[in-house]
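Trainee: here is my input; please provide its structure:
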Amino acid sequence: MIFSAMSLPLEKVCTLVCLSGSPKDVSNVLIFPFHQGVSCSIREIPSSLVNKLRRIASFHNPEFHKAERLRLSTWDKPRIISRAELTEEGFIVLPRGCQVAVEQTFTEVGIICNVED
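Mentor: Predicted coordinates:
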């Protein structure tokens, strides 16, 4: 179950605030609560950036490629495993280990990221 940042106690929420240099595509402040992972509202960022974030948390399934090399059936094995979750509240949640890659992605687009504990 995914919780919103408002439903968590304050001591369990760490935020990553991003200040944008160009306000035409991305809002000035994006807040990423770190509760179950790095989460961001998909309403505040363009869809191309959401797709980049989804690709950060995806990797090739080694079982699929092993079965493919052995010429076994692959019908029940996904080719790519994605750990990104899109919630009903309009958030994308990535694993905590993706924090550095998320910061690099926002830096590439011209967004300055500051981590606040």
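Trainee: for the helix or strand where residue 92 lies, packing partners?
Mentor: According to DSSP states H and E, residue 92 maps onto strand 91-94. The helices and strands touching strand 91-94, judged by 3 or more CB pairs under 8 Å, 6 or more residues apart in numbering; DSSP states H and E, are strand 38-41, helix 47-56, strand 85-86. (Each C-beta comes from the backbone N, C-alpha and C, glycine too.)
Trainee: out of those, which one sits most buried?
Mentor: Stretch with highest mean neighbour count among the helices and strands packed on strand 91-94: strand 38-41 (a mean of 22; mean count of other CB atoms under 10 Å).
Trainee: report all helices and strands that that one contacts.
Mentor: By 3+ CB pairs under 8 Å, 6+ apart, strand 38-41 packs against strand 29-33, strand 91-94, helix 99-108.
Trainee: one step back: just put the helices and strands packed on strand 91-94 in TSV and tack on distance to residue 110 and mean pLDDT.
Mentor: Output for the helices and strands packed on strand 91-94, formatted as TSV (distance: least, CB to CB, whole Å; pLDDT from 0 to 100):
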stretch	distance to residue 110	mean pLDDT
strand 38-41	16	83
helix 47-56	11	94
strand 85-86	24	93
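Trainee: which one, of those, ends up nearest to residue 105?
Mentor: When the helices and strands packed on strand 91-94 are compared by CB to CB, helix 47-56 sits nearest residue 105, at 5.5 Å.
Trainee: which element follows that closest one toward the C-terminus?
Mentor: Next in sequence after helix 47-56, counting helices and strands by DSSP H and E, comes strand 58-60.
Trainee: that next one pairs with which strands?
Mentor: Here strand 58-60 is paired, per DSSP bridges, with strand 80-82 (antiparallel).
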